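Dropping the sequence and predicted coords here.
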Amino acid sequence: MPFRFNIKTRSILVLLCLLVLGFPGCKETGKAPEKPVVQEPPTRKPGCMGCHPEVRLDPSHNLACTDCHGGNPEGTTQEQAHAGLISHPAHPDQMEKACGTCHGRQVTETASSLHFTAAKEVNGVRTGFGAQAPLASLAEIPVHETIKSPLDLADDLLRRRCLRCHVYNSGDTYPETMRGTGCAACHLAYTNGKMTSHAFVKSPADSQCLHCHYGNFVGADYYGRFEHDFNQEYRTPYRTDGSETRPYGVEFHQLAQDIHLQKGLACIDCHSGAELMGGHGGTAKKEKPVTCLSCHGWGKGLPLPLSNLQVEADQLVLFTRLSGKKLVVPQPVHPAHKLYEKKAHCTVCHSQWSFNDQGTHLLRTEHPDHPVWSRLNVQGSREVEEQLDNPASQGPSLRDKITGSPSPSLWLKGYELRRWENPLIGVGPDGRLHIFRPMLDLHLSMVDANKKVLFDNVGVEPARQRYLPYTPHTVGKAGAFYTERLKPNLPIETKP
């Protein structure tokens, strides 16, 4: 009997055919398969800009990259292009060749400036620990294979723990302590740990200065910042989101800012490049370091202490170097100035607060007791902190901040007291009252690989030499109680 399609059977067969044709493998193959689209690799511009298109130079330095950095712009691979590359041409070891070609006089004078040599700080510490002759530069600090004396220990401290803030080093790895080296330390902008522009600036902003002048040192106080103690309970605010609270290494208290900052002055308005970088002789005007009375004690007919000062209607007027803001420089009118100006430095009355970190203890050890130091694991040194948090199996190591070479030990730090109240007042070398700070109140100890104590609490002697006069950058109104700072410290005048 022949098979006949009824309507129901025909409908089922049509549905099955449609389902089968819906599968990719059962589609009609009459057309040739489409060829896959091949993405052509983007063409790279020749030269350095092909890989570094974001780099933009300022008009005065619109040079070929290789003029400063070397390398081979014709190279087709990174290895070829970077052959002979100088990554930091502004570094003190390279700047004479790279920067000195155009800025020969500036490079020569800058190389001997205090900003480059750090001679004042280095020799202050070394003299306190027994050095008989000063060094011309931090680069001359001896390297000691074996520590045999307190001076050897101080040299090791300087090279491996202290000298992160100098132009041989690119700084610590906190967000706001990284910078360039050499000339670039001041003249190339860094923010949040990265170079934000390759345009060289003649007049650095304060943020550049604070890459080095942070912590409890002159510079941070201008912005009213006083670093917290290292001890765990002082390190606030606490945050649960993991965000960075230590852009400069240690949290800080926000205190009163200097009145000059509040009025709009930047660091370079008082501290010009001519002062900081060696004078820039020849055609450039040499400027001596200014004092309070250089501007506020100026009188008609006297020379102008800074190049950004002018005289208008017999008044001294300052033009800020960054913003061009015009400010009249006030002259002292209170009778106390006449009475005490030869007896006390201006800051004795006008400083709102001062640094007063007493009893700085530093321990050189090859076997840090990690549980004991856990409460002080914030050390103001990322290199030290990482090893306290994650001890290395091969033992501790700390790099030489000048050469970069490691040595098998750590320098750990702590304080007896970190305070800003009650400024320390004493008689300075000029016979006037000054504010002092315990700058050399250092106590050094050392434990060797066998946990034997080699040096214990060695410090600067006599004790009075630990305190040195300084100029706090925390100026404000003297207030009603300025005599309470003056009278107890002034010598008693005897009648004839």
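Yep, it's here.

Could you use CA atoms for every contact and neighbour count after this?
OK.

tell me which residues in stretch 406-416 are buried?
Neighbour-count burial for stretch 406-416 flags 409-415 (criterion: 16 or more other CA atoms under 10 Å).

Residues contacting it, please?
Outside stretch 406-416, the residues within contact range by CA atoms under 8 Å, 6 or more residues apart in numbering are 157, 160-161, 229-230, 357-368, 376, 379, 384, 395-400.

how does it look with 7 Å?
The contact list for stretch 406-416, computed with CA atoms under 7 Å, 6 or more residues apart in numbering, reads 161, 230, 358-366, 379, 384, 396-400.

One more: stretch 338-356?
When contacts are defined by CA under 7 Å, 6+ apart, stretch 338-356 is touched by residues 216, 418-421, 423, 432-435, 437-438, 471-472, 474-478, 482, 485.

Now intersect those residues with the strands, please.
Mapping these onto strands (DSSP state E) picks out 418-419, 433-435, 437.

on that earlier part again, return the subset of the buried residues of stretch 406-416 lying in strands.
With DSSP E as the criterion, strands contain 410-415 from among the buried residues of stretch 406-416.

Now render these as a markdown table, adding distance to Lys338.
As requested, these are exported to a markdown table (distance: CA to CA, whole Å):
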| residue | distance to Lys338 |
| --- | --- |
| Leu410 | 52 |
| Trp411 | 49 |
| Leu412 | 48 |
| Lys413 | 44 |
| Gly414 | 43 |
| Tyr415 | 40 |
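
got the buried residues for stretch 463-470?
Residues of stretch 463-470 classed as buried by neighbour count (16+ other CA under 10 Å): 466-470.

ignore the last one, stretch 483-495
So for stretch 483-495, counting by 16+ other CA under 10 Å, buried means 485-486, 490.

quick check, nearest of the buried residues of stretch 463-470 to His115?
Tyr470 (17.3 Å; CA to CA).

Can you tell me the SS state at Asp229?
coil (DSSP: H, G, I helix; E, B strand; the rest coil).

ok, it - how many residues close by?
Neighbour count of Asp229, defined by other CA atoms under 10 Å: 22.

Bridged to the closest residue to it other than its chain neighbours, which residues?
Excluding the flanking residues, the one nearest Asp229 by CA to CA, 6 or more residues apart in numbering is Arg418, at 6.1 Å. Legend: beta-bridge partners of Arg418 under DSSP bridges are Asp357.

any idea how far Leu138 is from Gly273?
Remark: distance between Leu138 and Gly273 (CA to CA, to the nearest Å) = 21 Å.

C-terminal to the helix or strand bottoming out on mean pLDDT in the chain, what's the next element?
Least confident helix or strand, the chain: helix 7-21 with a mean of 49, by mean pLDDT, DSSP states H and E. For helix 7-21, the following helix or strand on the C-terminal side (DSSP states H and E) is helix 65-69.

May I see the buried residues of the next helix or strand after that next one?
Sequence order places helix 78-81 as the next helix or strand after helix 65-69, per DSSP H and E. Judged by neighbour count using 16+ other CA under 10 Å, the buried positions of helix 78-81 are Ala81.

Residues contacting the helix or strand just after helix 78-81, please?
Under the assignment DSSP H and E, the closest C-terminal helix or strand after helix 78-81 is helix 95-98. Applying CA under 7 Å, 6+ apart, the external contacts of helix 95-98 come out as 68, 89-90, 107.

Return the per-residue confidence for Pro134.
pLDDT, Pro134: 96.

How much space separates it from Gln358?
Distance of Pro134 to Gln358, given as CA to CA: 26 Å.

quick one: which of those two has more around it?
Per other CA under 10 Å, whichever of Pro134 and Gln358 has more neighbours is Gln358, with 19 against 14.

Could you list the low-pLDDT ranges of the stretch 151-300 of the chain?
Applying pLDDT under 70 to the stretch 151-300 of the chain flags residues 242-244, 279-288.

So which residues of it form strands?
Ranges of strands in the stretch 151-300 of the chain, per DSSP state E, counting those that start in this stretch, are 190-191, 194-195, 225-227, 252-254.

I'd like to know which of the contacts of stretch 338-356 are buried.
For the contacts of stretch 338-356, a neighbour count by 16+ other CA under 10 Å gives the buried set as 216, 418-420, 423, 432-435, 437-438, 471-472, 474-476, 485.

Now compare the contacts of helix 95-98 and name the two farthest from each other.
Cys68 and Val107 (14.7 Å).

So which of the two has more stuff around it?
Val107 (24 against 20).

How many neighbouring residues does the closest residue in space to that one that isn't next to it in sequence have?
Leaving aside its sequence neighbours, Val107 sits nearest to Gly100 (CA to CA, 6+ apart; 5.7 Å). Here the number of neighbours of Gly100 (other CA under 10 Å) works out to 15.

Repeat that for Leu158.
Neighbour number of Leu158 under other CA under 10 Å is 21.

pretty sure Glu74 is touching Cys48, no?
No: using CA atoms under 7 Å, Glu74 is not in contact with Cys48, being 8.6 Å away.

And those two? Which one has more around it.
Cys48 (20 against 11).

which residues touch that one?
Residues in contact with Cys48 (CA under 7 Å, 6+ apart) are 65, 73.

change it to 6 Å
For Cys48, the contact set (CA atoms under 6 Å, 6 or more residues apart in numbering) comprises Pro73.

begin at 43 from here
Sure, I'll start counting at 43 from here, so that last one is Cys90.

if I look at it, how far off is Gln122?
From Cys90 across to Gln122, the span is 12 Å (CA to CA).

swap in Pro413?
49 Å.

coming back round to it: of Leu180 and Gly315, who's got more company?
Shown here are Leu180 and Gly315; by other CA under 10 Å, Leu180 has more neighbours (22 against 18).

Leaving out the residues flanking it, which one is nearest to the more buried one?
Counting by CA to CA, 6+ apart, Leu180 lies nearest to Thr159, which is 5.6 Å off, once chain neighbours are set aside.

likewise Leu200?
Distances taken as CA to CA, 6+ apart put Val164 closest to Leu200, at 7.5 Å, once the chain neighbours are dropped.

Give me the phi and psi for the one you found.
Dihedral angles of Val164 (phi, psi; degrees, to the nearest 10) stand at phi -60, psi -50.

Alright, that wraps it up for me.
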